[in-house]
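Undergrad: Task: produce atomic coordinates for the following.
(3 chains)
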Amino acid sequence: MNQQETAAESARLLAKMRAARPLVQNITNFVSMDIAANVLLAAGAAPAMVHAPEESPEFVRLAASLVVNIGTLSRTQVESMEVATIAARAHGTPWVLDPVGAGATRFRDEAVQKLLRHRPIVIRGNASEIMAVARGAGLTLETARPRGVDSTNTTGEAELLARHLAHHCFCIVAATGETDIVTDGTRMIRLANGSPLMTRVTALGCALSALVGAFIGLGEDPFVATVAALATYGVAGEMAAEVARGPGSFRVEFIDCLDRIGPDDLETRLRLG
Amino acid sequence: MNQQETAAESARLLAKMRAARPLVQNITNFVSMDIAANVLLAAGAAPAMVHAPEESPEFVRLAASLVVNIGTLSRTQVESMEVATIAARAHGTPWVLDPVGAGATRFRDEAVQKLLRHRPIVIRGNASEIMAVARGAGLTLETARPRGVDSTNTTGEAELLARHLAHHCFCIVAATGETDIVTDGTRMIRLANGSPLMTRVTALGCALSALVGAFIGLGEDPFVATVAALATYGVAGEMAAEVARGPGSFRVEFIDCLDRIGPDDLETRLRLG
Amino acid sequence: MNQQETAAESARLLAKMRAARPLVQNITNFVSMDIAANVLLAAGAAPAMVHAPEESPEFVRLAASLVVNIGTLSRTQVESMEVATIAARAHGTPWVLDPVGAGATRFRDEAVQKLLRHRPIVIRGNASEIMAVARGAGLTLETARPRGVDSTNTTGEAELLARHLAHHCFCIVAATGETDIVTDGTRMIRLANGSPLMTRVTALGCALSALVGAFIGLGEDPFVATVAALATYGVAGEMAAEVARGPGSFRVEFIDCLDRIGPDDLETRLRLG
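TA: Just a heads-up that it's a prediction; the model follows:
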């Protein structure tokens, strides 16, 4: 998709998501619960934070999608994530994995590898998290790069590993940062919107994963849905940064902008990287 | 109570609550902790989030009231809610039940029915939660409607079940929504303030239950106290909506309005439904 | 240090902290997670909320400092705090104890006394929490006051116990309130900035403990580092209160001010008490 097509598809899916108001179940970290729920509500989806293993698989049947985030992991949460993702797979409910802090401790890395078996539709993290997940799955730049590949290839390590991970897991991989990338292993889109203020508010990455959940609940191509979620988020961030005076007011304006952003904002503002 | 009496009583209790600064203990969900504590502080009460079963019953002795909210339930939380509500009953500490998501999973429904045995003074939820609690207690429209009742009765199903539940549990039932209703099984008040923006910020219902806790800690008629809490909340929401530009700024303005709202705001703005 | 020296040292450490961007690990309560992480980010540090006993000691090796806060204590959290503070001591990682609600329940008091064995570098609480910790350690005004001390001594009970506790634990004690005090048992500084609005937003004390963590991670004299954290916080609070319209907008402005505050704000505004 070129820039215009990406903007048009994102605009279409934003309108569709708002009309559908998908129920997004989150098993997520305690830092992000408030902001993730508010991001979903502002953008037009319906959040549910349901995480006990006693009920998380049962609740999956009510949800359009499931978002699993390991930011403040505990033994019980791992248990709950496992039974919920198994239920999601059984019901055909798409689910997103946010591997927060992957690479920092064995506990996280083991949880991620366990969860990958239950087949997320999207993995969303920052570049170093995505690289840690890929390495945990045994992927390296050597296995990523087909023999004989043009050695003048300037694609960064993160892009190569993201693509490799997407291939390996048959899923979409989104690595967000100054430029966001989304790949299904073959297609690759780079999104250039957003604002440095987005890194100065806690859990905005986690809340983005929740929004990806809202878009993949629509039953469309998950690559396009993931791009649409990231496009909406980045453009809203840019709009908010134009009026914010610091990270505190940015957070407030950002929620207002997620409520206010319309298809034409995407069409006039979206930029590919 | 007519509109003027309701406003006058609510204004009186708001002033009394602020003078008393009641300590409200919350065993609540992780999404609402921040906003519920800030709502209590802004309105003039003192929040405490104390939820471990090792200390929750001991802490009850220090608290003016207890609020129990099942939004992000876990096995340990159910255990803690049980021992704390038993302690509350033993000490004569009034407590509020917020049955978030009742009807969605068996785990929640079982927890609610278990907790009802320890006698909440108020049950506060949205209409579908209240109806789920009533049905879980074996109540139906058939048992609710006295035989021979005027069939032109236009009272909605929620009101009938709310009234029935209040009778059944000897407690106040508040079902909030576009119009809020409060009933003790005999009396019934409908409050018409508020703003649609209140449904666009996460956990504002949970935070209202916390505020009900602040008002029932005063030792007055819990029906009137519940009405006063809902009246304060709805009027503050209306005041905030007049200046908000979206759900993000609404949340900020709402907290400011809960701090600023005075008896005369209630007297000039309160509307019965 | 006189007022000018205190301001100059605080300004120097604020600049140094921002340049170092220390990673602060928090095992903290669920109410404060959002605001504590946002305070750290706004001030220029990097927060991590990592609390499972399975990973908290491993993560300590990555962190510049550790902050332990008992606000919403659970059995698992106590376990995690123990293994993490043991690891912190073994690695020479400085750690801060925030004894929220000390004195309210035996569960808290026992946890505090257990944790004191692993040697916090700073204990930060409000006056009554500090006094409860001191009493739990067997300290009293009698043991605090050397026999024959001038009976016209007007120093408050909290100051005496804080100093005594600092001596007893070989650590810095900070008791915050209208005037904040910081002592290492010998030195004592009183800081007079801040705003009453700071008590109207939940968990701002907890978030201050997190910021103390950021400053003690710099490897400087922990007494001066603690003073610098409190000075930055109080001056930012004062700046925010000048533009806030209530506790909701204060919270937003406060985060903006923590981002904006510079060395000269400290030099022109800092006041000793």
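Undergrad: Please count neighbours and contacts with C-alpha atoms only from this point.
TA: Fine.
Undergrad: What parts of the stretch 51-200 of chain A come near chain C?
TA: Residues of the stretch 51-200 of chain A found near chain C (CA under 8 Å from any CA of the partner chain) are A:71-75, A:104-107, A:200.
Undergrad: Of these, which pair is most distant in space?
TA: Pairwise distances across these (CA to CA) peak at 29.3 Å, for the pair A:75 and A:200.
Undergrad: The two: which has the busier surroundings?
TA: residue A:200 (25 against 13; other CA atoms under 10 Å in any protein chain shown).
Undergrad: For residue A:53, what are phi and psi?
TA: phi -60, psi -20 (degrees, to the nearest 10).
Undergrad: That one - how many residues pack around it?
TA: 21.
Undergrad: That one: what's it in contact with?
TA: A:76-77, A:79-81, A:83-84 (CA atoms under 8 Å, 6 or more residues apart in numbering or on different chains).
Undergrad: now residue A:186: how far from residue A:167?
TA: 8 Å (CA to CA, to the nearest Å).
Undergrad: so how far is residue B:73 from the residue nearest the centre of chain A?
TA: The residue lying closest to the centre of chain A (CA atoms, centre = their mean) is residue A:209, at 3.3 Å. Taking CA to CA as the measure, residue A:209 falls 23 Å from residue B:73.
Undergrad: In space, what's closest to residue A:157 - neighbours in sequence excluded?
TA: residue A:141 (7.2 Å; CA to CA, 6 or more residues apart in numbering or on different chains).
Undergrad: does that neighbour really touch residue A:161, like I thought?
TA: Yes: with contact defined as CA atoms under 8 Å, residue A:141 and residue A:161 form a contacting pair (6.6 Å).
Undergrad: Comparing the two, which shows the higher neighbour count?
TA: residue A:161 (27 against 15).
Undergrad: Please, which helix or strand holds the more buried one?
TA: helix A:157-169 (DSSP states H and E).
Undergrad: got the buried residues for that helix?
TA: A:158-169 (16 or more other CA atoms under 10 Å in any protein chain shown).
Undergrad: can you check stretch A:9-16 too?
TA: A:9-11, A:13-14.
Undergrad: Tell me the helices and strands packed up against the lowest-mean-pLDDT helix or strand in chain A.
TA: Least confident element among the helices and strands of chain A, by mean pLDDT, DSSP states H and E: helix A:141-144 (a mean of 72). Applying 3 or more CA pairs under 8 Å, 6 or more residues apart in numbering or on different chains; DSSP states H and E, one finds that helix A:141-144 contacts helix A:157-169.
Undergrad: After the helix it packs on, which helix or strand is next?
TA: That would be, after helix A:157-169 and using DSSP H and E, strand A:172-176.
Undergrad: Give me the contacts around the next helix or strand after that following strand.
TA: Downstream of strand A:172-176, the next assigned helix or strand under DSSP H and E is strand A:180-183. Contacts to strand A:180-183, defined as CA under 8 Å, 6+ apart, come from residues A:159, A:162-163, A:166, A:172-175, A:188-192, A:223, A:226-227, A:230.
Undergrad: Get me the contact residues on the stretch 1-150 of chain A for chain B.
TA: Checking the stretch 1-150 of chain A against chain B by CA under 8 Å from any CA, the hits are A:30, A:33-34, A:37-38, A:41-42, A:49-52, A:54-55, A:58-59.
Undergrad: Which one of these is nearest to chain C?
TA: Taking CA to the nearest CA as the measure, chain C sits nearest to residue A:30 out of those, at 6.6 Å.
Undergrad: That closest one in helix, strand or coil?
TA: Counting by DSSP: H, G, I helix; E, B strand; the rest coil, the backbone at residue A:30 sits in coil.
Undergrad: what's the neighbour count on it?
TA: As a measure of burial, residue A:30 has 22 neighbours, counting by other CA under 10 Å.
Undergrad: So which of the buried residues of helix A:157-169 is the closest to chain B?
TA: residue A:169 (30.8 Å).
Undergrad: Surely residue A:48 forms part of a helix?
TA: No: going by three-state DSSP, the assignment for residue A:48 is strand, not a helix.
Undergrad: Which helix or strand contains the closest residue to chain B within the stretch 101-250 of chain A?
TA: Residue nearest to chain B within the stretch 101-250 of chain A: residue A:249 (9.1 Å; CA to the nearest CA). For residue A:249, the host element (DSSP H and E) is helix A:247-260.
Undergrad: Check which helices and strands that helix sits against.
TA: Partner elements for helix A:247-260 (3+ CA pairs under 8 Å, 6+ apart): helix A:33-43, helix A:222-241, helix B:247-260, helix C:247-260.
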